[in-house]
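Q: Sequence first, then the predicted structure:
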Amino acid sequence: MKKYFFLLLFAFTLISSCTTEETTTYYLIRHAEKDRTDATNPNPSLTIKGEQRAQNWAEYFKEKKIDAVYSTKYYRTIETATPTAKTKNLEVQFYNPRNMYDSIFMAETKGKSVLVVGHSNTTPVFANKILGENKYENMDDNDNASLYIVTISENKKESKIEKVNE
């Protein structure tokens, strides 16, 4: 009987050590300050202040593990994402804000730490889609400092917002 107990204990220990908890972390930010001098321009670049904020984001993420950087295809989001991508030796990948967090994106990012750069009306929506609930409302149009952090471990989802680079 003792022999079976130790054999069972050994098997349980072996199985337990082989299973690893896979954590996915999403860092979601809005683009930095955009040039508002031409109200008719639907695709403005960043201002000098916005370029500095993009560099500050790169500095913030410097010590964090980032496996992928995603952006919409607007100048302001690409310009915000690029400094962080460069410090991590990554290419900026693009996502469609009308088709966020689909099964393909989920599969490609599972178990990774991912930066997603969006807009005041897409960043909270993206976080909500990951969470599977309507927790966050659209951001204020002047909020370029909020960082949404969503983590998924096994079937547990958690989120928080931090103010960074204010």
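A: It's in. Numbering: from 1, shown residues only.
Q: Can you give me the first-to-last residue distance of stretch 138-150?
A: Distance across stretch 138-150, first residue to last, is 16 Å (Cα to Cα, to the nearest Å).
Q: Also stretch 146-165?
A: First residue to last in stretch 146-165 (Cα to Cα) measures 8 Å.
Q: Let me know the average pLDDT across it.
A: Averaging pLDDT along stretch 146-165 yields 94.
Q: ok, residues contacting it?
A: Identification of contacts with stretch 146-165 by Cβ atoms under 8 Å, 6 or more residues apart in numbering yields 21-30, 53, 56-57, 60, 123-124, 126-127, 130-132, 135-136, 139, 144-145. The C-beta positions use only the backbone N, C-alpha and C, and glycine is treated the same way.
Q: which residues does the nearest residue to T23 once chain neighbours are set aside form a beta bridge with?
A: Closest residue to T23 apart from its sequence neighbours, by Cβ to Cβ, 6 or more residues apart in numbering: S153 at 4.7 Å. In this entry, S153 is beta-bridged to T23, K156, by DSSP bridges.
Q: burial count for S153?
A: 12 (other Cβ atoms under 10 Å).
Q: ditto for P44
A: So P44, with other Cβ under 10 Å, has 18 neighbours.
Q: Nearest spatial neighbour of it, chain-adjacent residues omitted?
A: D35 (4.3 Å).
Q: pLDDT score for the one you found?
A: 98.
Q: close enough to count as contact, T77 and S71?
A: Yes: at 4.3 Å, T77 counts as touching S71 under the criterion of Cβ atoms under 8 Å.
Q: between those two, which one's more packed in?
A: Set T77 next to S71 and count neighbours by other Cβ under 10 Å: T77 wins out with 27 against 22.
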